[in-house]
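Undergrad: got a structure for you, letters missing:
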């Protein structure tokens, strides 16, 4: 069964500190992996999208890594700010060619990050 | 910045009532997705449209849910009759995808409709 597992479930850090969120997946065939940030009461916002051939991608203080061999990804947040408090959702898109390309998104349950002053 | 607009933002109604949620996708986007988010299940895909045609609604309870795109600027999700277990946040997202190519473009989400069925 195609699944996306995230850890930790929740995390509290002090402002200015770094943190790393983990995502393991069993989705096959694989198309791409996405990290979304979801603020409370808002819709998810895309941070990064990585394909099979990419192993790192940055978006400001957010850096995502992808190891397609071990089927693991991480999202590293540098010098955290209070506005980083949110849920971070890892999403893997199913791949395949032709009619077998479902393009279906498999969502992780998310990691809730709280940044304290 | 262009945004996906969802209405209403909040809806409280009694079980058995019809509920209609609306979504205005970003102009120029040709794909529209409906998701449901609950604490227990996280985000679940309900339906997916491309160029206004439904491509996948396997995640949607067929007996009570229906999704349509009357035109390119409006997508609707209806529940009739509603039940307490339908209480959730419903998100609409839009994007652009070419039919013959796998798209790595992000989906743009609206801020959701928070639905409570009493």
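TA: Now that the structure is in, tell me what you want to look at. All values reported here derive from a predicted model rather than from experimental measurement.
Undergrad: Enumerate every residue touching residue A:49.
TA: Residues in contact with residue A:49 (C-beta atoms under 8 Å, 6 or more residues apart in numbering or on different chains) are A:32, A:33, A:34, A:57, B:104, B:105, B:106. For the C-beta atoms, the positions are set from N, CA and C on the backbone; glycine is no exception.
Undergrad: beta partners for it?
TA: Going by DSSP bridges, residue A:49 is paired in beta bridges with residue A:34.
Undergrad: Give me the contacts around stretch B:77-86.
TA: The contact list for stretch B:77-86, computed with C-beta under 8 Å, 6+ apart, reads B:13, B:15-21, B:23, B:34, B:46-47, B:64-68, B:90, B:92, B:115, B:117-118.
Undergrad: buried sites along it?
TA: B:77, B:79, B:82, B:86 (16 or more other C-beta atoms under 10 Å in any protein chain shown).
Undergrad: ok, which of the contacts of stretch B:77-86 also contact chain A?
TA: Checked against chain A using C-beta under 8 Å from any C-beta of the partner chain, those yield no neighbours at all.
Undergrad: how about the buried residues of stretch B:77-86, which pair is most distant?
TA: By the measure C-beta to C-beta, B:77 and B:82 form the most distant pair in these, at 11.6 Å.
Undergrad: Switch the buried residues of stretch B:77-86 over to JSON lines, and while doing so, append pLDDT to every line.
TA: Rendered in JSON lines, the data for those read as follows (pLDDT from 0 to 100):
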{"residue": "B:77", "pLDDT": "97"}
{"residue": "B:79", "pLDDT": "97"}
{"residue": "B:82", "pLDDT": "96"}
{"residue": "B:86", "pLDDT": "96"}
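Undergrad: From those residues, which land in strands?
TA: Where these overlap with strands, as defined by DSSP state E, the overlap consists of B:77, B:79.
Undergrad: For residue B:73, which non-adjacent residue is closest in space?
TA: Nearest-residue entry for residue B:73: residue B:24, 5.8 Å, with adjacent residues in sequence omitted and distances by C-beta to C-beta, 6 or more residues apart in numbering or on different chains.
Undergrad: Quick check: the one you found touching residue B:76?
TA: No: contact criterion C-beta atoms under 8 Å: residue B:24 and residue B:76 do not qualify, at 10.6 Å.
Undergrad: more crowded one of these two?
TA: In this view residue B:24 and residue B:76 are compared by other C-beta atoms under 10 Å in any protein chain shown, and residue B:24 has more residues nearby, 18 against 15.
Undergrad: Which residue or residues pair with residue 5 through a beta bridge?
TA: Just so you know, I chose chain A. Judged by DSSP bridges, the bridge partners of residue A:5 are residue A:24.
Undergrad: meant chain B, my bad for not saying
TA: Per DSSP bridges, residues listed as beta-bridge partners of residue B:5: residue B:24.
Undergrad: if I read this right, it contacts residue B:23, doesn't it?
TA: Yes: counting by C-beta under 8 Å, residue B:5 touches residue B:23, with 7.2 Å between them.
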